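*Asks:* Just need the structure, nothing else, for what follows:
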Amino acid sequence: MIQYYYEEVFYNIIHKRYQGYEDLPKNEKTIILKQLLEEYEDELLWSGDIFRVFIQNKGENYYTDRVVDFIIFETEDVDRPLGLFVQHLSENLEQMNNIFYDISELFRNAGIADFNKLPSDITVCRKFAKGFNEFNGYLEAAKVQGFKWDIPKYTDEATGTSVDVAIDEKTYLILVLRYKELSGSSNNEADSSGDGSIPYDLVGYITEIDTGLIDSDYMNSRFEKYIKLLHTEGTNEEVIENAEAELHKTFATLSQEEQKYANIFLHDIQRGDVLVTPGKTLRDYINEYVTRARNDQIHQIAVALGINEDMLRDMMSLKLNENNLNEFGRYDELKKTVDKAKARIYFEKIEKTTIIPPKVNIKVDKLLRDFIVSGGFEIHSPIDNE
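*Replies:* From the prediction side, this is the model:
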């Protein structure tokens, strides 16, 4: 990871010199920080006068005493790019490339093409999480120095070094999707700590990156090509298979749940169960399948637990988390509608054993809580256990 000057020097200096620094108002912290920057000016700045000094963290500019990502400055020439007290742009890009190669090898060794799903090995997922955290540290530094995704090659004017960027924005956003899935991955069940905590060091701002920017036009063009070949008489079987393989490669831009229903949809087409409507995109069909499945999942758990289905649907539409699940007592009110006799029958059929009422209540709470917070999933059916 990049060792930031502020982290190495300023943090220790500030807290040795100024007792109670953390409790000071922002304007006083600003004065202290400015004094330190002036004191260490010869060590920090390459050239130019300080016009304004500030800390950048996750895209927000503010003075703070936190261990931060970068210290940057503006000169009096407002058109001049921001200076950075760490590595050159070319060095940050090289680090990004190296980490991307390492991540690519992790997925390749796990037998996963196009980053279309997470590796099943929890240790590999941990390495991916760690590497992607580091990658984003260098990416944020590069962005401050002027890096843009639509420029594939950069030349450092100071050193003359040229670097080709090994990863494009689409691939990056696919990796963000896989990273997000770590927080809800079934691999979490393999956490040896046994405390139910997520075994990955996930960074909050990365999980909030908007992956809706992934272009779905290309995926839809591959879908239309496949459908056209599939319905054209005399088309060679190998040509159809190649078109299908090409389409499947684009599924990496989908979440795991979306990939599941995209594959179900294609199988329905191949069996002749679905006729494709002109003008309707593959994304439209996937959304329909996901919505239908979500409705079925809500109905299934409502029937199994005898719960008020309308109340459950209302709560699911709010996309709640653990922190606001019981806001205004809504979760408690929902649990009051559980038919305990039905719930007991359900769990006893699933586990094939007698369950005492207090344990039924615990199982209901866990299943219902997990179901709402996760956005829904297919519950076990007693038929599956017969």
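*Asks:* Buried ones in stretch 89-106, by neighbour count?
*Replies:* Neighbour-count burial for stretch 89-106, counted by 16 or more other C-beta atoms under 10 Å, picks out 89-97, 99-100, 103, 106. Where you see a C-beta, it was placed from the backbone N, CA and C, and this is true even at glycine.
*Asks:* For the residues you listed, give me a markdown table that also has pLDDT.
*Replies:* Shown next, in a markdown table, are the buried residues of stretch 89-106 (pLDDT from 0 to 100):
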| residue | pLDDT |
| --- | --- |
| Leu89 | 84 |
| Ser90 | 88 |
| Glu91 | 87 |
| Asn92 | 88 |
| Leu93 | 93 |
| Glu94 | 93 |
| Gln95 | 93 |
| Met96 | 95 |
| Asn97 | 96 |
| Ile99 | 96 |
| Phe100 | 97 |
| Ile103 | 97 |
| Leu106 | 96 |
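*Asks:* and the residue nearest the centre of the chain, which of the three is it?
*Replies:* Centroid-nearest residue in the chain, with C-alpha atoms, centre = their mean: Lys180, separated by 2.3 Å. What DSSP: H, G, I helix; E, B strand; the rest coil gives for Lys180 is helix.
*Asks:* contacting residues around Thr211?
*Replies:* Contacts for Thr211 (C-beta atoms under 8 Å, 6 or more residues apart in numbering) come out as Leu173, Val176, Leu177, Lys180.
*Asks:* Test my guess that Glu258 contacts Leu282.
*Replies:* No: Glu258 lies out of contact with Leu282 (C-beta atoms under 8 Å); the separation is 10.2 Å.
*Asks:* So which of those two has more stuff around it?
*Replies:* Neighbour totals were compared for Glu258 and Leu282, and Leu282 leads with 24 against 17 (other C-beta atoms under 10 Å).
*Asks:* any idea how far the more buried one is from Thr171?
*Replies:* Distance of Leu282 to Thr171, computed by C-beta to C-beta, to the nearest Å: 20 Å.
*Asks:* now do Ile206
*Replies:* On the measure of C-beta to C-beta, Ile206 and Thr171 end up 15 Å apart.
*Asks:* Then Lys249?
*Replies:* 12 Å.
*Asks:* Residues contacting stretch 347-360, please?
*Replies:* For stretch 347-360, contacts defined as C-beta under 8 Å, 6+ apart pick out Lys340, Ala343, Arg344, Lys363, His380, Pro382, Asn385.
*Asks:* in stretch 231-243, what counts as buried?
*Replies:* Buried residues in stretch 231-243, counted by 16+ other C-beta under 10 Å: Ala243.
*Asks:* Need the residues that contact it.
*Replies:* Arg222, Lys225, Tyr226, Leu229, Leu230.
*Asks:* Checking Tyr285 next. Helix, strand or coil?
*Replies:* Applying three-state DSSP: Tyr285 is helix.
*Asks:* on that earlier part again, buried subset of the contacts of stretch 231-243 as a ChimeraX selection?
*Replies:* Those of the contacts of stretch 231-243 that count as buried under 16+ other C-beta under 10 Å are selected in ChimeraX with:
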select :222,226,229
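*Asks:* List just the nearest of the contacts of stretch 231-243 to Asn323.
*Replies:* Arg222 (40.2 Å; C-beta to C-beta).
*Asks:* so who does the closest one touch?
*Replies:* By C-beta under 8 Å, 6+ apart, Arg222 lies in contact with Ala243, Glu246, Leu247, Lys249, Thr250.
*Asks:* go on, Tyr172?
*Replies:* Leu139, Trp149.
*Asks:* Specify the local secondary structure of the residue lying farthest from the centre of the chain.
*Replies:* Here the chain reaches farthest from its C-alpha mean at Gly234, the gap being 43.6 Å by C-alpha atoms, centre = their mean. Here Gly234 is recorded as coil under three-state DSSP.
*Asks:* State the pLDDT value of it.
*Replies:* Per-residue confidence (pLDDT) for Gly234: 90.
*Asks:* what separates it from Lys180, distance-wise?
*Replies:* Shown here: Gly234 relative to Lys180, a distance of 44 Å by C-beta to C-beta.
*Asks:* can you give me the helices for the stretch 51-200 of the chain?
*Replies:* Assigned by DSSP state H, counting those that start in this stretch, the helices in the stretch 51-200 of the chain fall at 89-109, 122-144, 169-181.
*Asks:* Can you pull out the low-pLDDT segments for this protein?
*Replies:* 1-22, 25-87, 185-199, 213, 383-386 (pLDDT under 70).
*Asks:* what about the strands in it?
*Replies:* 52-57, 60-62, 70-74, 83-84, 153-155, 162-164 (DSSP state E).
*Asks:* Show me what the fifth one is packed up against.
*Replies:* Right, strand 153-155. Judged by 3 or more C-beta pairs under 8 Å, 6 or more residues apart in numbering; DSSP states H and E, the packing partners of strand 153-155 are helix 89-109, strand 162-164.
*Asks:* I'd like to know which elements the longest one is packed against.
*Replies:* Taking 3+ C-beta pairs under 8 Å, 6+ apart as the contact definition, the neighbouring helices and strands of helix 89-109 are helix 122-144, strand 153-155, strand 162-164.
*Asks:* which stretch among those comes nearest His267?
*Replies:* For the helices and strands packed on helix 89-109, the distance to His267 is smallest for helix 122-144, at 28.3 Å, taking C-beta to C-beta.
*Asks:* Could you report the distance from the residue farthest from the centre of the chain to Tyr226?
*Replies:* Relative to Tyr226, and taking C-beta to C-beta, Gly234 is found at 16 Å.
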